[in-house]
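Student: Structure here, sequence nowhere to be found:
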């Protein structure tokens, strides 16, 4: 050991019996020696590596995380996400855009296919048979036989009924009992049947008339005779109005008595007409023009003209983002205008074959265009093609899933659900539709911060208290250590819970509570260290030289009593992280939406049986972090205590 | 020995007084008005005055503390503001659940931890040793509540259709009930919840053994396995680690070499010579890990839907039920202090050097 402090010229010239009898503090070589011993410990190396990894994650969290930890995915917007969706990793077989999520074969050519209102079931009619599958797993549930070919079907808004038009009958099927609940006679048949939004009425329509039915009496309320061929018939969102389009006019009808409310004339024959989602606007296409009307004042709000005839009008809205687009096709070109924008289309997409229908996904990030044999899905932001599906048989029906992540595609005898988004959620999606992976990544920052801050605070207070107690002795020692004894008499977590209840829930208060609870442990270690070093010769020498007691304590004694404190502190960080997580789990620590691991676990604990991944990953993250500090602490203890060095 | 015990007991008195003071102060410092949190936000001042008068909340703090100590010493822990029942009654109801859970958890930890520690010490640096130590390190690093949730998922859902299925919540299967032993034995007990027999009868497994209801016992024990595993994992890891390191140290000593040299069988060397001396620190650590058992119980009871001490403590903290918080924190701390005392005494008994300090 080297005596490193230079002897000042005016110091008394003392002849020392042994060269390095006066040691003021551990020389640099002692620290180096400890470090060398430390890196020979496998556990310490593993611990340090894990810690380095965690620090890396914490520092570079914004680069590693795929999302903002607080961002709700639907607000970004990302479509195709469900609450508490399972982890999805492309490398592990998670489907990407264009992959089929479900493919079923109806055995016969499908004429009509429709997803149920909640998207959990799917029905396809071929000939006189309707088959119903579960969308999740493609299991066929039942099939419904009719005497004549099925012309139209419609799912009730709660999935409990299917309306089917077969010949001159309308059959109301009870989905649970799989038996007809009502069979209604409809002269002349129909090629359209449609429930209103709350399932209290429905309409049937043939080429020139629309009949409105009541589902309490199962009788027609009234019949609307159109003056030309029906182009469209639709319910408004609360089921009070029916909109029809025929000839040159769009008409609105009172749905209770089937009398005309108003009509909006056009210059050219109408090719399409449709309500927007909240049915406060109507979009019509006629000739080369496209019009948007207000359904309350019947004013024209927007119109646009194109070089060719327009058809297949459709809405693309995302209310939370304030986006309102209208879509239409002209031959094989799909067009999109912003309703509040200019006259020229913002998107012109060439489909390749005459377009039969266009539809926008619910948040308007994607649109599909359907032709005779090809279906294309486009990104509305970039206008790039996302998915192309070619079918040999004619495409019968294409429909968006409610969450916008996939389209139902029926052609020939096959019904497929094709995924249209490419997002992957490495650790799934949480109950508030946020990306779990990003939250776990950002959680590393909080947990490391929690561990370091609490332990630093507790070590500083505990060391000062313990050092004073050990150095001063007497009544000071007694008072301080009795207080510490009382604190140690409580199981730490119970005391922390009690303290945080007094302070009020919150991350900072939880940190404070845990710090307070840990103080006695450090006070004890510091006191025993000070007691041991106090009687050393170099302290006696300092006293003899008249060094002030405070200087002796903080510059001579404490540095020599630090080793066990360092070990205790390192091991304490792990415990602090665990306790902070426990407090957050109980709802006393970090408050939502903070991405704290314990709080994440606590928020989803009741979903353990249905969404175990939401509990699994934060817990694993806690374990890895605590393990890293524990291993490092074990290694440090061995390295600082040569007796254990075996 | 007696003088040592007397000294330790005297030292415990100020600590117990300190605990009383802390629990009293904590309950008084809790934010929020106890009257309005009990009777509702719309309670009028008159009603609250009457309420405060009834529960002595209008007296000065010092007077309240004096009354509190006096009451505690007379075994009166007050009346729950929320339930309107004596806290002792709640305790008789809730304590058995936590005790039973802790006992099973400790049983699990000791029965598994000590053999694992012995094996990994004996086969030092073997695969078993490394595996056990990795497992033990992970065990102490796991959040208890997380382990509980994962176990209930694994055994309750993932293994649903296998013989390994275990009930993930509750104390007994719905419909199963175990007759209190005093009824079965024809004892005449009034107010069955309040009495000592009531307390014992609330320990389902013990009660089932007493009346020989083996189906009931099996059902109760089955419900205890998962929570016990969750709560017991940390003590298990600590015990395994301590047994290993302590036995390793002992096995390196000279008298072990002597025993081997005189031809004692290996099992005798490890079991009789080694283990007996290696057990000292293990006994201490078992005693000390009872504290972590209690904390673990608080966290796991909510996970497994057990209505024990942890559950009521949590509920009453959120519901500002002062007296219940006070009483249960007090009881836990006092139990903790006495466990530490017993451990010290046991240690002094096992190792005479301690007494002479």
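Tutor: Good, I have the coordinates. Keep in mind that this is a model prediction, so the values were computed, not measured. Numbering: from 1, shown residues only, chains lettered A, B, ... in the order given.

Student: Tell me which helix or strand the closest residue to chain A within the stretch 201-350 of chain B sits in.
Tutor: Relative to chain A, the nearest point of the stretch 201-350 of chain B is residue B:295 (3.8 Å; CB to the nearest CB). Using the backbone N, CA and C atoms, a C-beta is placed for each residue, glycine as well. When secondary structure is defined by DSSP states H and E, residue B:295 falls within helix B:276-304.

Student: ok, which stretches of the stretch 451-600 of chain A are helices?
Tutor: A:474-488, A:492-503, A:507-534, A:537-544, A:549-551, A:558-560, A:562-585, A:597-603 (DSSP state H, counting those that start in this stretch).

Student: Please work out which of the ones you listed is packed deepest.
Tutor: helix A:597-603 (a mean of 28; mean count of other CB atoms under 10 Å in any protein chain shown).

Student: That helix and chain B, are they touching?
Tutor: Yes - under the criterion of CB under 8 Å from any CB of the partner chain, chain B is reached by helix A:597-603 at A:598, A:601.

Student: Which strand or helix spans the residue in the stretch 101-250 of chain B that chain A sits nearest to?
Tutor: Here the stretch 101-250 of chain B gets closest to chain A at one residue, residue B:146, 3.4 Å apart by CB to the nearest CB. Counting by DSSP H and E, the element that carries residue B:146 is helix B:144-153.

Student: Please list the outside residues in contact with that helix.
Tutor: Contacts with helix B:144-153, where a contact means CB atoms under 8 Å, 6 or more residues apart in numbering or on different chains, come from A:582, A:585, A:601, A:605, A:608-609, A:612, A:615-616, A:618-619, A:622-623, B:168-169, B:226-227, B:229-231, B:233-234, B:295-296, B:299-300, B:302-304.

Student: can you check stretch A:258-271 too?
Tutor: So stretch A:258-271 is contacted by A:212, A:221-224, A:231-232, A:241-242, A:245-254, A:282, A:284-289, A:291, A:293, A:298, A:309-313 (CB under 8 Å, 6+ apart).

Student: For residue A:238, which non-adjacent residue is spatially closest?
Tutor: The spatially closest residue to residue A:238, leaving aside those adjacent along the chain, is residue A:197, at 6.6 Å (CB to CB, 6 or more residues apart in numbering or on different chains).

Student: ok so, going back, so what's the residue of the stretch 201-350 of chain B closest to chain A scoring on pLDDT?
Tutor: Residue B:295 carries a pLDDT value of 78.

Student: Surely it touches residue A:492?
Tutor: Yes - look at residue B:295 against residue A:492 with CB atoms under 8 Å: they come within range, at 6.8 Å.

Student: can you pull out the helices in the stretch 1-150 of chain A?
Tutor: With DSSP H, counting those that start in this stretch as the criterion, the stretch 1-150 of chain A has helices at A:28-38, A:42-59, A:61-64.

Student: average model confidence for the second one?
Tutor: Translated: helix A:42-59. Taken as a whole, helix A:42-59 carries a mean pLDDT of 93.

Student: Show me which positions of that helix end up buried.
Tutor: Neighbour-count burial for helix A:42-59 flags A:43-44, A:46-48, A:50-51, A:54, A:57-58 (criterion: 16 or more other CB atoms under 10 Å in any protein chain shown).

Student: Go ahead and measure how far it is from the middle of the chain.
Tutor: Chain-centre distance of helix A:42-59: 28 Å, with CA atoms, centre = their mean, to the nearest Å.

Student: packing partners for that helix?
Tutor: Packed against helix A:42-59, as judged by 3 or more CB pairs under 8 Å, 6 or more residues apart in numbering or on different chains; DSSP states H and E, are the following elements: helix A:436-472, helix A:613-640.

Student: between these, which gets nearest to chain B?
Tutor: Nearest to chain B among the helices and strands packed on helix A:42-59 is helix A:613-640; the distance by CB to the nearest CB comes to 3.4 Å.

Student: can you map out the helices along the stretch 251-357 of chain B?
Tutor: Assignment of helices within the stretch 251-357 of chain B using DSSP H, counting those that start in this stretch yields the ranges B:254-261, B:266-268, B:276-304, B:309-318, B:322-350, B:352-355.

Student: just for chain A, where's the confidence low?
Tutor: For chain A, applying pLDDT under 70 flags the ranges A:1-30, A:641-646.

Student: same question, chain B
Tutor: B:1, B:27, B:30-32, B:37-38, B:189-194, B:353-357.

Student: wait, isn't residue A:403 in contact with residue A:82?
Tutor: Yes - look at residue A:403 against residue A:82 with CB under 8 Å: they come within range, at 5.8 Å.

Student: These two: who's more crowded?
Tutor: Legend: neighbour count by other CB atoms under 10 Å in any protein chain shown for residue A:403 and residue A:82, higher for residue A:403 (18 against 14).

Student: Just confirm the more buried one is within a helix.
Tutor: No - using DSSP: H, G, I helix; E, B strand; the rest coil, the assignment for residue A:403 is coil, not a helix.

Student: ok, back up a step: got TSV for the buried residues of helix A:42-59, with distance to residue A:445 too?
Tutor: TSV is the format used below for the buried residues of helix A:42-59 (distance: CB to CB, whole Å):
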residue	distance to residue A:445
A:43	25
A:44	24
A:46	22
A:47	19
A:48	19
A:50	16
A:51	14
A:54	10
A:57	8
A:58	4
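
Student: Let me know the closest of these to chain B.
Tutor: Using CB to the nearest CB, those come closest to chain B at residue A:43, 7.8 Å.

Student: Tell me how far that closest one lies from residue B:122.
Tutor: Applying CB to CB, to the nearest Å, the value for residue A:43 to residue B:122 is 21 Å.

Student: cool, and residue B:341?
Tutor: 34 Å.

Student: and of the helices of the stretch 251-357 of chain B, who's closest to residue A:469?
Tutor: With CB to CB, the closest approach to residue A:469 among the helices of the stretch 251-357 of chain B belongs to helix B:322-350: 20.1 Å.

Student: elements contacting the closest one?
Tutor: Using 3+ CB pairs under 8 Å, 6+ apart: helix B:322-350 touches helix A:492-503, helix B:2-29, helix B:87-122, helix B:276-304, helix B:309-318, helix B:352-355.

Student: So for residue A:133, which of the ones you listed sits nearest?
Tutor: Nearest of those to residue A:133, taken as CB to CB: helix B:276-304 at 37.5 Å.

Student: Near chain A, which residues of the stretch 201-350 of chain B are found?
Tutor: Contact residues, the stretch 201-350 of chain B versus chain A (CB under 8 Å from any CB): B:291-292, B:294-295, B:298-299, B:302-303, B:313-314, B:317-318, B:325, B:329, B:332-333, B:336-337.
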